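[1] Structure of the sequence below:
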Amino acid sequence: MRKYFFFDIDGTLTNSNPGGIILPSTFETLDKLRKNGHFVAIATGRAHWMAMDFSHESKIDNLVCDGGNGLVINGELLGIEPLDKNICLEIIDECIEKKFPFGVSLGDVPELYTCNEWLSNFKMHTKIIVDPQIDFHRVDNIYKIFIMATHKQEAELTAIHKLGYMRYHGDQLIVEPLEKYRGILKMIEIQGGKPEDIVVFGDGHNDISMMRQAPISIAMGNAIDEVKEVATYITKSNQEDGIEYACKHFGWID
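    This is a model prediction of the structure:
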């Protein structure tokens with residue numbers, strides 16, 4: 001019976017979160033899964049432009065990216081759905097009003113836009129473009145919003161709760177889609193598969209939704225407690241050949 005496997009990147013396919021490398025056992029497991037007729041894909045919150053380097057490195061050319069809003073099949077981008085613009089504008093206006101540094105992703109490129117000089121004084125993994133004349137109410141689409149806010153300050157931002165968001169590296173909040181499973185179901189439909197044959201692997205906050213919904217969900221041994229609580233099965237950690245261990249446990253590979 002063919003299964004459709006979807007793997008998170010950091011802390012799942014790699015031995016560290018963030019960053020890390022893919023263990024040799026993981027490469028071997030992915031190859032064995034394909035040889036046994038299974039479908040292998042990535043399910044990541046990373047933007048498409050950021051995920052493709054890892055796609056090439058991991059030799060996985062099927063991706064659910066942008067937190068479920070983007071689809072890549074055989075290395076070709078089918079499209080990326082933007083966030084709800086009206087809610088994004090509420091968030092942006094609140095950041096401006098309350099003087100929270102922020103940056104906005106307007107496309108599938110490594111650039112963040114902001115409107116005030118002082119809003120650019122924070123570290124992100126992209127180019128910051130300061131444009132005092134930019135009116136976010138007039139842009140076509142918004143894909144992510146990055147906000148600098150401490151745990152204590154987070155309570156001051158009310159609009160972020162209307163969209164999915166997660167904390168990343170201490171003081172950085174990322175407003176982004178957190179529905180990987182939505183993209184997974186689209187991928188399955190395109191592939192002509194059945195939802196009951198979906199298997200997901202994850203470890204972090206943005207994996208919780210897909211772990212709850214998938215018929216088989218596997219938490220890495222290093223996963224956060226919230227992921228382990230909703231998983232079908234908990235395997236060994238990302239540094240202990242966890243993916244290989246789980247696939248052997250279920251008999252998907254020898």
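[2] could you list every residue that touches Arg167?
    For Arg167, the set of contacting residues under the criterion of CB atoms under 8 Å, 6 or more residues apart in numbering consists of His151, Glu154, Leu173, Ile174, His205. All C-beta atoms are positioned from the backbone trio N, CA, C, and that covers glycine.
[3] which among the residues you listed gets closest to Val139?
    Within the set of the contacts of Arg167, Ile174 lies nearest Val139; the separation is 18.4 Å, counting by CB to CB.
[4] Please report how far the closest one lies from Gln191.
    Note on Ile174: its distance to Gln191, by CB to CB, to the nearest Å, is 29 Å.
[5] Compare neighbour counts for these two and give me the winner.
    Ranked by neighbour count (other CB atoms under 10 Å), Ile174 and Gln191 place Ile174 first, with 21 against 14.
[6] need the contact list for the more buried one.
    Listed by CB under 8 Å, 6+ apart, the contact set of Ile174 reads Gly45, Lys144, Ile145, Phe146, Ile147, Tyr165, Met166, Arg167, Tyr168.
[7] ok but it is inside a strand, no?
    Yes. For Ile174, which was evaluated using DSSP: H, G, I helix; E, B strand; the rest coil, the result is membership in a strand.
[8] Identify the residue nearest it in space, chain neighbours excluded?
    The spatial neighbour of Ile174 that comes closest, neighbours along the chain excluded (CB to CB, 6 or more residues apart in numbering), is Tyr168 at 5.2 Å.
[9] Next, give phi and psi for that neighbour.
    Dihedral pair for Tyr168: phi -130, psi 120, per degrees, to the nearest 10.
[10] isn't Gly11 right up against Asp203?
    Yes. Taking contact to mean CB atoms under 8 Å, the distance of 4.1 Å between Gly11 and Asp203 places them in contact.
[11] on that earlier part again, buried ones only from the contacts of Arg167, please, as a ChimeraX command.
    Selecting just the buried residues from the contacts of Arg167 in ChimeraX takes one command, with 16 or more other CB atoms under 10 Å as the test:
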select :154,173,174,205
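[12] Now render the contacts of Arg167 as a markdown table, adding distance to Glu229 and pLDDT.
    Output for the contacts of Arg167, formatted as a markdown table (distance: CB to CB, whole Å; pLDDT from 0 to 100):
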| residue | distance to Glu229 | pLDDT |
| --- | --- | --- |
| His151 | 22 | 90 |
| Glu154 | 23 | 93 |
| Leu173 | 23 | 92 |
| Ile174 | 23 | 93 |
| His205 | 13 | 92 |
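[13] now, which of the contacts of Arg167 sits nearest Val72?
    When these are ranked by distance to Val72 (CB to CB), Ile174 comes first, at 20.3 Å.
[14] Would you mind measuring from the closest one to Asn17?
    Distance from Ile174 to Asn17, by CB to CB: 15 Å.
[15] Which parts of the least confident helix or strand in the chain by mean pLDDT count as buried, going by neighbours?
    Among the secondary structure pieces of the chain, namely its helices and strands, strand 165-168 has the lowest mean (mean pLDDT, DSSP states H and E), a mean of 84. Of all the residues in strand 165-168, those buried under the rule 16+ other CB under 10 Å are Tyr165, Tyr168.
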